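In: just the structure for this:
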Amino acid sequence: MSPADAKDTTREVVSHTVLHEGKVFDLVSDRVRLSADDGAPVVREYLAHPGAVAVVALRDGARGEEVLLIQQYRHPVRALLWEIPAGLLDVDGEDYAAAAARELYEEADVRAGRWDVLVDYFTSPGGSDESLRIYLARDITDVDDHERHEREDEERDMPTRWVPLDDAVAAVHAGRVHNPSAVVGILATASARARGWAPLRPAGAEWMR
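Out: Prediction:
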C-alpha cells in the first residue's frame with residue numbers, strides 16, 4: 001500500500017474544535033464518522049502536531065560503524081534519555097531533508113554528504129497526528145570551530161557520544177534506550193545494513209503525513 005492509498009481511507013470529519021492552543025502542539029477534538037454507511041459520529045480528542053524529522057548519523061569508527069547519540073532531559077518522563085538528533089517541522093515551506101540537516105548541525109556540529117530516508121512512522125496514532133521521518137546521514141564531517149552552533153537554554157547541556165552501531169542495538173534490546181526515534185532509527189539502520197542498504201529510499205521520497 002502506498003502512502004496515497006492509505007490517505008484515501010480517511011473518514012468524514014463533521015466538526016473540528018481546538019480545545020487548547022499549546023506552545024508546540026494543540027489539543028483538538030473531532031466529531032468523525034468512523035463508518036462509511038453514515039453512522040453516528042464519535043468524538044476523538046488528540047494532539048495536533050507539526051511533525052518532525054530525526055537523523056541517524058553514521059560514520060566509520062575505530063570499532064566499526066558508529067551512530068551519534070545525544071543525551072537530553074525529558075521532563076514528562078523525568079529522565080535523561082539517549083536520543084538521535086531531531087527537531088520539529090515548524091518552519092513554513094522548509095524542505096524536510098534541509099530541516100534534518102539543520103538539526104544535525106545545530107545539535108551536533110556535524111554535516112553529512114549523503115542523505116537517505118530510513119523510515120517513517122506515526123509516533124502515537126491513537127492520540128496524536130505527529131508524523132516523523134528518520135533520515136540516515138552518512139559521509140559525516142565536523143564543522144570548523146568558527147562554524148559551531150551557539151546553543152542556548154537546555155541545548156547547552158546536551159552531551160553527544162559516538163556509539164558502535166552494534167552496541168546501540170544491544171542497548172535498545174537491553175532497555176537502556178527509550179526514546180522512540182532512537183529505538184526505531186537504530187534498529188532500522190541495523191536492518192538496512194544487513195540488506196546492503198537496499199531498503200533505503202531517496203531523501204525526497206513520498207511521505208504520508
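
In: domain ranges for the protein, per the record?
Out: 3-48, 52-202 (automatic domain parsing).

In: least reliable of those domains going by mean pLDDT?
Out: Among the domains of the chain, domain 3-48 carries the lowest mean pLDDT, at a mean of 86.

In: thinking again about what came up before, pick the most deeply packed of the domains of the chain.
Out: Of all these, domain 52-202 has the most neighbours on average by mean count of other CB atoms under 10 Å, namely a mean of 16. Every C-beta, even on glycine, is put in place using the N, C-alpha and C of the backbone.

In: before we move on, the earlier item: quick check: which of the domains of the chain is nearest to residue 208?
Out: Proximity to residue 208 (CB to CB) singles out domain 3-48 among these, at 3.3 Å.

In: how far does that closest one sit from the chain's center?
Out: Domain 3-48 sits 23 Å away from the centroid of its parent chain (CA atoms, centre = their mean, to the nearest Å).

In: again, but for stretch 94-109
Out: Computed by CA atoms, centre = their mean, the chain-centroid distance of stretch 94-109 equals 12 Å.

In: who touches the longest helix seen in the chain?
Out: In the chain, assigned by DSSP state H, the helix with the most residues is helix 180-194. Applying CB atoms under 8 Å, 6 or more residues apart in numbering, the contact partners of helix 180-194 are 54-56, 58, 65, 67, 69, 81-84, 86, 118-119, 121, 123, 132, 134, 136, 165-166, 168-169, 172, 177, 198-200.

In: after it, next one along is what?
Out: Next helix or strand after helix 180-194 toward the C-terminus (DSSP states H and E): strand 201-202.

In: how far is that next one from where the chain is centred?
Out: Computed by CA atoms, centre = their mean, the chain-centroid distance of strand 201-202 equals 16 Å.
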